[in-house]
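J.: the following block contains a protein sequence and its predicted model.
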Number of protein chains: 2
Amino acid sequence: MTTREMLVQAQSAKAALACAGAEKKSAALLAMADSLERNTESILFANAQDMDAARGSMSEVMLDRLALDAGRIGAMAEGVRQAAALADPVGQVLRRVERPNGLVIERVSVPLGVVAIIYESRPNVTSDAAALAVKSGNVCVLRCGKEAWRSCNAIVTALREGLEKAGLPETAVNLVQDISRDSARELMTASGLVDLLIPRGGAGLIRACVENATVPCIQTGTGICHVYVDAAADLEKAAAIVNNAKTSRPSVCNAEEVLLVHEAVAARFLPMVKKALVDDRAAQGKPTVELRLDSRAAAVIPGVPAGPADFDTEFLDYILAVGVVKDVEAAVEHIARHSTGHSDAIVTEDPAAAALFTAQVDSAAVYVNASTRFTDGGEFGLGCEIGISTQKLHARGPMGLEELCSYKYIVRGNGQVR
Amino acid sequence: MTTREMLVQAQSAKAALACAGAEKKSAALLAMADSLERNTESILFANAQDMDAARGSMSEVMLDRLALDAGRIGAMAEGVRQAAALADPVGQVLRRVERPNGLVIERVSVPLGVVAIIYESRPNVTSDAAALAVKSGNVCVLRCGKEAWRSCNAIVTALREGLEKAGLPETAVNLVQDISRDSARELMTASGLVDLLIPRGGAGLIRACVENATVPCIQTGTGICHVYVDAAADLEKAAAIVNNAKTSRPSVCNAEEVLLVHEAVAARFLPMVKKALVDDRAAQGKPTVELRLDSRAAAVIPGVPAGPADFDTEFLDYILAVGVVKDVEAAVEHIARHSTGHSDAIVTEDPAAAALFTAQVDSAAVYVNASTRFTDGGEFGLGCEIGISTQKLHARGPMGLEELCSYKYIVRGNGQVR
């Protein structure tokens, strides 16, 4: 089936999904979860084929992302069950007004319609995305990386079995069959057939979507996240935050890539950074962080001199760019020029500095005295997450079920004319 | 100044606007309104030049849209003063959650940043759009139709005088100097410099934006609006609604273009339609409505046989396509295929038919027993309107101040790490 045919077919499932009540959708999700577990064997068989094909051409880290076992399939099923338990986002009266002419105007949440998601090689994204789509009444069209296609196809086959058992159309969840680049392009340009496109992947994919998409699209994920340590910071707290934001999971978008330090505390704080991120980690046998220092930082601690690109790079690795700034205003100004608008933090005990930072830093999540690593749907209490938006239109930061919905106005009268 | 230079310059005004408090913005709006009135003479002088250039090449209706007089300038100033009186949409805590780990997460409304608006020849859009942008803390970049440029430039000059008096940067309000098509294209593709593009104009402009825009963009305005008269309709009410929706202002996007009538009442209702829209109006010396009838409607009343395009055309004129349908399901199905998702109405006294219609019709505004003409920011109680969105992402239906805002998360902790 071509991608176009799949998108046309998907339209026919929209009404059934949009009008399915909360109970029916939850029952379908539970059936989908059961079906995943029941089909463990066929999913693992498909995954073994993907793994065989990938070995040799893929790094160990990437192979680990691709690999499934019964435990991981169980975790996927558990994720689908958790989605079933979340509050239904559809049909909520978001606002109600009665006008002087007697019209009653309600703003009511509705599904977007067809949500397309382009992702890479993690098979579990398939069940996560499908679960959130079904829960929010949306039809989903999934396009995975080609190295994961057999695994994802087996997962979608299992999920569809569950949908059908629960009396929802199996075309509510679709996996693109064409794994060439053409299909991604086709999703980007399917005006009228795709209500929202969510690209989850590297900067290249996001850029391709921004440049080519004619369908509504959400930019996700790129994170050049900053931690600014103020003159009034509790330096122990600051060291713990910098360490956590950088090293707890360097490959993710909410990891810290740049440290800015107020000049008044640089001489005291930078050696603490070097101790925590380099010396202590080396002693513990953990990977150490390469510090790329501007000239003022390099005057205090040893490290690699920062090149011009280092303050504009999403390293996604054990590398941290470090700079010394004059004050909080200079930090805000640096962030305005270099941040991707994902997550940026200040560490300070000074309420005025915190207020200035939170007011002026224009990012999806702005932190005071906490690690940037908390930018996540689960950590924010949304219960789930389909991606992290770094744009301002529609949704910003972690996107949960509510952000997979639109609304419509329902206006009730008794013959009003204008 | 090139459009690109203007967009770069506009960035420098973003922070001042975003951080200006409610009082400062309101004071600026009052100063802008005063300045409009004080500069009446220079605005009228510029408008006379536009009118002279346009005469001969423009229809009377279009000339009337372009024309200004002291009364219209007074009304523009009044509109700006009304914006000053609206509630400030910025800095609202939209949601607040305290997490088990002690993090306090607030979702706070913030301006989008730079909003670009492409419009046509109505000079008053200039002051309306500028007022809503300033009120919502956004910098605006306006691109008017070339036939209105001198008038709009004089208006922007006056508005900037007011901004400056109030201590806000005059670059908060900008009018594109290049009136060739290039500048529209430039706004559409200024990734990173335009946070939202709102095209207000004909279908061609909207299509050009959908196809070419790399910046976030909202589709506005195209309205093929339906009124469906059910078997259980109060036919007097229905005739009044159909008449109002079609004839009160046929040139606007919320006017009715298609009438669908349940077969059980067609024989009684269609003659009432002909009487109200044709015979009575002719007797009153008003323009009559051309009825374009499908074969079943043509069997009941005289009119023009509908061609295949008539149920897919935004006439914006005294023309109405009329069809007879089997039941409410058939009406819903017709609307799904032909509506632009703007405003669609059912007239019925049957709650079940109303419930089915409001649940299944996927449009920005769905009406029960009222005219589609109410889809408007003022009529919906938003106090104002920058446009009517027919897309689902970010905003749907009339867009007021709130829809000109995004949000950010402010997360406060005391050293939390993950």
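T.: Sure thing, it's come through.
J.: so which bits of the stretch 301-418 of chain A are right by chain B?
T.: A:336, A:354, A:358-360, A:362-371, A:373-375, A:379-381, A:391-394, A:396-397, A:406-418 (C-beta under 8 Å from any C-beta of the partner chain). In this view, the C-beta of every residue, glycine as well, is placed from N, C-alpha and C.
J.: so which of those belong to helices?
T.: Mapping those onto helices (DSSP state H) picks out A:A336, A:A354, A:T358, A:A359, A:Q360.
J.: sheet-wise, list the partners of the lengthiest strand in chain A with their directions.
T.: Looking across chain A with DSSP state E, the single longest strand is strand A:405-416. Counting by DSSP bridges, the strands paired with strand A:405-416 are strand A:104-111 (antiparallel), strand B:365-370 (parallel).
J.: now those in CSV, with mean neighbour count?
T.: Formatted as CSV, the strands paired with strand A:405-416 follow (neighbours: other C-beta atoms under 10 Å in any protein chain shown):
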stretch, mean neighbour count
strand A:104-111, 20
strand B:365-370, 27
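J.: as a markdown table, those with mean pLDDT and distance to A:Q284 would be great.
T.: Output for the strands paired with strand A:405-416, formatted as a markdown table (pLDDT from 0 to 100; distance: least, C-beta to C-beta, whole Å):
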| stretch | mean pLDDT | distance to A:Q284 |
| --- | --- | --- |
| strand A:104-111 | 98 | 49 |
| strand B:365-370 | 98 | 61 |
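J.: what's the closest of those strands to B:R96?
T.: B:R96 lies closest to strand A:104-111 among those, at 20.1 Å (C-beta to C-beta).
J.: run through the residues that contact A:T2.
T.: Applying C-beta atoms under 8 Å, 6 or more residues apart in numbering or on different chains, we find A:T2 in contact with A:Q177, A:D178.
J.: now do A:I410
T.: Going by C-beta under 8 Å, 6+ apart, the list of residues near A:I410 reads A:I105, A:E106, A:V108, B:T358, B:A365, B:V366, B:V368.
J.: what's near enough to touch the first one?
T.: With contact set as C-beta under 8 Å, 6+ apart, A:I105 has these partners: A:R96, A:V97, A:E98, A:R99, A:Y409, A:I410, A:V411, B:F380, B:G381.
J.: out of those residues, which end up buried?
T.: For those, a burial check counting by 16 or more other C-beta atoms under 10 Å in any protein chain shown picks out A:Y409, A:I410, A:V411, B:F380.
J.: pretty sure A:G79 sits in a helix.
T.: Yes: using DSSP: H, G, I helix; E, B strand; the rest coil, the assignment for A:G79 is a helix.
J.: got a list of what it touches?
T.: Contacts for A:G79 (C-beta under 8 Å, 6+ apart) come out as A:N124, A:S127, A:D128, A:A131.
J.: ok, and the closest non-adjacent residue to the third one?
T.: It stands for A:D128. Nearest residue to A:D128, sequence neighbours excluded (C-beta to C-beta, 6 or more residues apart in numbering or on different chains): A:G79, at 5.7 Å.
J.: then the second one?
T.: In space, and not counting its chain neighbours, A:S127 is closest to A:M76: 4.4 Å by C-beta to C-beta, 6+ apart.
J.: now whatever helix or strand that neighbour lives in: average pLDDT?
T.: In this assignment (DSSP states H and E), A:M76 forms part of helix A:70-85. Taken as a whole, helix A:70-85 has an average pLDDT of 96.
J.: and the contacts of the next helix or strand after it?
T.: Note on helix A:70-85: by DSSP H and E, the next helix or strand toward the C-terminus is strand A:93-98. Under the contact criterion C-beta under 8 Å, 6+ apart, strand A:93-98 has outside partners A:V104, A:I105, A:E106, A:R107, A:V108, A:S109, A:Y407, B:F380, B:G381.
J.: those residues: which two are farthest apart?
T.: Every pair of these checked by C-beta to C-beta; the farthest is A:S109 and B:G381, at 18.8 Å.
J.: and of the strands paired with strand A:405-416, who's closest to A:A306?
T.: strand A:104-111 (46.7 Å).
J.: quick check: the residue nearest to A:D128 vs A:L175, distance?
T.: Counting by C-beta to C-beta, to the nearest Å, the gap between A:G79 and A:L175 amounts to 18 Å.
J.: I'd say A:V115 and A:K135 touch.
T.: No: A:V115 lies out of contact with A:K135 (C-beta atoms under 8 Å); the separation is 11.7 Å.
J.: neighbour count winner among the two?
T.: With neighbours defined as other C-beta atoms under 10 Å in any protein chain shown, A:V115 and A:K135 compare such that A:K135 has more, 29 against 24.
J.: need the phi and psi values for A:V361.
T.: Dihedral pair for A:V361: phi -80, psi 120, per degrees, to the nearest 10.
J.: the one 3 residues further on too?
T.: For A:A364, the backbone dihedrals are phi -60, psi -40 (criterion: degrees, to the nearest 10).
J.: burial check on it, number of neighbours?
T.: By other C-beta under 10 Å, neighbour count at A:A364 equals 25.
J.: wait, what's in contact with the residue lying closest to it once chain neighbours are set aside?
T.: In this structure, A:A364 finds its nearest non-sequential neighbour in A:G397, 3.9 Å apart by C-beta to C-beta, 6+ apart. A:G397 makes contact with A:A364, A:A365, A:T375, A:F380, A:I388, A:S389, B:K408, B:Y409, according to C-beta under 8 Å, 6+ apart.
J.: can I assume the fifth one sits in a strand?
T.: Yes: when the secondary structure is assigned by three-state DSSP, A:I388 falls within a strand.
J.: list the residues that contact it.
T.: By C-beta under 8 Å, 6+ apart, the contact list for A:I388 reads A:T220, A:G221, A:G223, A:C253, A:N254, A:H342, A:A364, A:T375, A:D376, A:G397, A:P398, A:M399.
J.: make a markdown table out of the residues you listed and add distance to B:V300.
T.: Output for the contacts of A:I388, formatted as a markdown table (distance: C-beta to C-beta, whole Å):
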| residue | distance to B:V300 |
| --- | --- |
| A:T220 | 55 |
| A:G221 | 59 |
| A:G223 | 64 |
| A:C253 | 63 |
| A:N254 | 65 |
| A:H342 | 62 |
| A:A364 | 58 |
| A:T375 | 62 |
| A:D376 | 62 |
| A:G397 | 57 |
| A:P398 | 57 |
| A:M399 | 51 |
